[in-house]
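In: Prediction below, plus the sequence it came from.
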Amino acid sequence: MAREPVILVRDLVKRFDSMTAVDHVSFEVERGEIFGLLGPNGAGKTTTISVLSCLTPPTSGEARVCGMDVTKDSLGARSRIGVVPQEVALYPSLSARENLAFWGRMYGVPERELRERIDGILETVQLASRASDRIDTFSGGMKRRVNIAAGLLHRPDVLFLDEPTVGIDPQTRRNILELVLSLNADGLTVLYTTHYLEEAEFLCQRIGIMDEGRMIAVGTRRELTESIGATQVIRVVADGLDADAATWFKDSPDIDEASVIEGKISIHARVGANLLPTVVSRLSSSGASIHSVEVDDPNLESVFLHLTGKSLRENDQ
Amino acid sequence: MRAHYIGWKDLRIRLRDRNTLVLMLLLPVALTAIIGFAFGGDSGISTVEFLVAGTEEDDLISQAAAGLGSGSEMFQAEPATESAAREAVAAGEKPAAVILPEDLTETVIEGRRAEVVVLSDPASRIKSGIVRELAERFVARLNAGSILSRGVFETLAEERGLSEAEQRRLGGFLFGWARDALEEPRLTVEQRQAERQEIDVRAYFAPSFAVMFLLFTMLTSAKTIHEEREAGTYSRLMTAPVARTTFVGGKLLGSYLLASIQILLLVLLSSLLFGIRWGSSPIAVVAMSLATAAGASSLALLIASLTRTSRQTDNVGTAFVLIMSLLGGSMWPIEQAPEGFRSAARFTFNYWAHSGFKELVFNDAGLAGIWQELVVILGMSAVAFVLAATLLVRR
């Protein structure tokens, strides 16, 4: 018998009055997986997490966590999940330890285990030395780490992280991403929402791309890029390039497209890296003086662009 | 149920907040001290002198004056003519005068309607308020005597067929007998008053301000319901296995604990700083304090449930507390207000809370003496909590 996914979302719809925030979304997350929900602001990622974490009931469709229906067995489902909200949701005048103790008790962590677990989680987020300090004396990054720790204390089966790196410095962001990877290495299933495609690419084993409430694609990064026939791009900057240079490469069966624009030739190929020696040799023999060569892998930006006709980065602006 | 963790967490947060501590303790104590200072010197009223005027014979007026003064040395009622009484009050020589109606005895025997007027000097609010209270007690006794004697009189006159002269003699005798009989319990009142020969203005206002600032503190506590929503901690709580009823219960518990600490500390501080005696029954003081804490915390929760944001709770709540305090006598002696105003005051929480504490401070009423206040306050508290919980859980 096939193992039931930790998260199962089937044909989920969530409407707020006339606005459809989540529109017939379906996906599954397997145990031990980091699954990313990628999309611009307003795509429906946070609403999907809100339904899964029992904060708001679905209008229709099915949402199950650890086999429990989030509508029918809300308390059961909530005891199995850990939620790290987008904003820091802690009590500023309580210390890190007091905050964690409170959240641990809310999740029913036994008193005899509480202290040990708090010590352990503070070590994990590297804040053991600040355990007794009030949260309002912490930097933004430290608050974020305690925010994550509060969602982990009760050892959930699945952790929901809702854009945990918004508005923080690169170093803290890196720390958080590494923390998520290390938690996943210990077996934790993670549902991670983000509108930063680099994070999704770096962290997630599978990604669901959302836009305007709909799930427009689901798969691994390779599956997603392959699904749209995305290619690698070789970009060469050189002096002495003439318009014919593009024509030479277009005739090759391994190359999909080539163009010369302002001293730069772009060559699109499925396995562009393999063609690099040929390209460099051909350009050199034609008398061009090469300044730089680079190979760009296809990325989720290309996928998003292909599927929606707009750039994910544009949506960030 | 994890409500107690929420309550305990809230209490910790509030007690670490300096603003809350100022509102809880410093302001009511400071205001009580200022009021005491404003009334001068030792802040006390050792005697209340007033005049009693009427058209009856002098000895009857003297009797009425004695009845009004309850025989206590503290209350010194002197007979006077109506014009002399009016002049003395207008000149500020006496804080108040009681003007009895014409033919008081006849009026009472025949059961006619009449009015006892209390003239007050606006500059002497506390003392004139006390005189008004004395007059009300006196009138209550006369009314009871009138009803009792009239019942007996009508029965006898009908059965025995008495002449008019006999009826008048019998009526006078019965009324005198009934009045004396009804005045018997006055002996116990005199005993209690004898122990305390001075009314402390601060003792009057300490409970008033305690109740008013208790409501203010409770507002700051109740509005954390909205602050938690605004800060995202409520959403986080709702993703934990915590029911909404647990959240509401925890919020009430936290507020109630804070309110109980505040009111008991204010009782203690006012005793230590101002020497106020809250009666001889610690159980009654604690019961009154805990009931008041329950009422204030439930009412504040109700305000929070009727508003949408913490700012709204602040604005609506402040207006509510000020109106209740004004109407309920937390800012001034309600005793001298017109009857209609005092009737309206009975619908306020402040009135009953202040009334209960006043009974403890001035009449040394034990638990039995404040049962009515306790029942009303706990009733208000229960209704407010049920309404608030229903609204908050549905939201």
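Out: Alright, I've got the coordinates. Numbers count the residues shown, from 1 in each chain, chains lettered A, B, ... in the order given.

In: who in chain B is up against chain A?
Out: Within chain B, the residues that sit near chain A (CB under 8 Å from any CB of the partner chain) are B:2, B:5, B:9, B:12-13, B:16-17, B:231-233, B:235-243. In this view, the C-beta of every residue, glycine as well, is placed from N, C-alpha and C.

In: Kindly supply the ChimeraX command isolating those of those residues that are buried.
Out: For the buried members of the residues of chain B next to chain A, the matching ChimeraX selection, counting by 16 or more other CB atoms under 10 Å in any protein chain shown, is:
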select /B:2,5,9,12,13,231,232,233,235,236,237,238,239,240,241,242
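
In: So which of the residues of chain B next to chain A sit within helices?
Out: Residues from those lying in helices, with DSSP state H as the criterion: B:5, B:9, B:12-13, B:231, B:233, B:235-239.

In: quick check: longest helix of chain A.
Out: Under DSSP H, chain A gives helix A:170-185 as its longest helix.

In: Buried residues in it, which are they?
Out: Neighbour-count burial for helix A:170-185 flags A:172-173, A:175-177, A:179-180, A:183-184 (criterion: 16+ other CB under 10 Å).

In: Need the contact partners of it.
Out: Applying CB atoms under 8 Å, 6 or more residues apart in numbering or on different chains, the external contacts of helix A:170-185 come out as A:32, A:34, A:124-126, A:140-141, A:144-145, A:148, A:152, A:159, A:161, A:164-165, A:168, A:190, A:192, A:199, A:202-203.

In: Try it again at 6 Å.
Out: Taking contacts as CB atoms under 6 Å, 6 or more residues apart in numbering or on different chains, the residues outside helix A:170-185 that touch it are A:34, A:141, A:164-165, A:190, A:203.

In: Now the element after it, going C-ward?
Out: Secondary structure here is assigned by DSSP states H and E; on that basis, the next helix or strand after helix A:170-185 toward the C-terminus is strand A:189-194.

In: Flag every buried residue along stretch B:128-140.
Out: Across stretch B:128-140, burial judged by 16+ other CB under 10 Å covers B:128-135, B:138-139.

In: cool, and stretch A:232-248?
Out: Using 16+ other CB under 10 Å as the burial criterion, the residues of stretch A:232-248 that qualify are A:232-234, A:236, A:238, A:241, A:245-246.

In: Quick one: end-to-end length of that stretch, please.
Out: One end of stretch A:232-248 sits 18 Å from the other (CA to CA, to the nearest Å).

In: What average pLDDT does it get?
Out: Per-residue pLDDT values across stretch A:232-248 average out to 82.

In: Pull the distance from that stretch to the chain's centre.
Out: Centroid separation between stretch A:232-248 and its chain, computed with CA atoms, centre = their mean, to the nearest Å, is 35 Å.

In: follow-up on the earlier one: would a markdown table of the contacts of helix A:170-185 with secondary structure and distance to B:T220 be doable?
Out: Rendered in a markdown table, the data for these read as follows (DSSP: H, G, I helix; E, B strand; the rest coil; distance: CB to CB, whole Å):
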| residue | secondary structure | distance to B:T220 |
| --- | --- | --- |
| A:I34 | strand | 43 |
| A:G141 | helix | 31 |
| A:P164 | coil | 32 |
| A:T165 | coil | 35 |
| A:V190 | strand | 39 |
| A:L203 | helix | 42 |
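
In: The closest residue to A:Y91 other than its chain neighbours: how many residues sit nearby?
Out: Among residues not flanking A:Y91 along the chain, A:N99 sits closest, at 5.7 Å (CB to CB, 6 or more residues apart in numbering or on different chains). Around A:N99 sit 26 other residues, with neighbours defined as other CB atoms under 10 Å in any protein chain shown.

In: Same check on the one 3 residues further on?
Out: Other residues within reach of A:F102 by the criterion other CB under 10 Å amount to 22.

In: got the domain boundaries for chain B?
Out: B:3-41+B:201-394, B:48-183 (automatic domain parsing).

In: Kindly compare burial across the ones you listed and name the winner.
Out: Each of the domains of chain B was given a mean neighbour count from mean count of other CB atoms under 10 Å in any protein chain shown, and the largest, a mean of 20, is that of domain B:3-41+B:201-394.

In: what distance separates the start and the end of that one?
Out: In terms of CA to CA, the two terminal residues of domain B:3-41+B:201-394 are separated by 18 Å.

In: now it, how far from the centre of its chain.
Out: Here domain B:3-41+B:201-394 shows a centroid-to-chain-centroid distance of 15 Å under the convention CA atoms, centre = their mean.

In: what are the ranges of the strands in the chain?
Out: I went with chain A, as the question did not name one. Listed in chain order, the strands of chain A (DSSP state E) span residues A:7-16, A:19-29, A:34-38, A:60-65, A:68-69, A:81-84, A:158-162, A:189-194, A:206-211, A:214-219, A:232-239, A:255-261, A:264-269, A:289-296.

In: ah, I was thinking of chain B
Out: Remark: strands of chain B, listed N- to C-terminal, are B:44-45, B:48-53, B:75-80, B:96-99, B:117-120, B:199-200; assignment by DSSP E.

In: List the contacts of the spatially most central residue of chain A.
Out: In chain A, the residue lying closest to the centroid (CA atoms, centre = their mean) is A:A200, at 3.0 Å. Listed by CB under 6 Å, 6+ apart, the contact set of A:A200 reads A:36, A:38, A:194, A:207.

In: Enumerate every residue touching the last one.
Out: The reference is to A:I207. For A:I207, the contacting residues are A:36, A:38, A:200, by CB under 6 Å, 6+ apart.

In: tell me the centre residue of chain B?
Out: For chain B, B:S355 is the residue whose C-alpha lies nearest the centre (CA atoms, centre = their mean; 2.0 Å).

In: Was I right to think that residue contacts B:V376?
Out: No. Contact criterion CB atoms under 6 Å: B:S355 and B:V376 do not qualify, at 8.9 Å.

In: B:V211 reaches B:A353, doesn't it?
Out: Yes. Between B:V211 and B:A353 there is a contact under CB under 6 Å: 4.4 Å.

In: For these two, list the residues in contact with both.
Out: Between them, B:V211 and B:A353 share no contacting residue under CB under 6 Å, 6+ apart.
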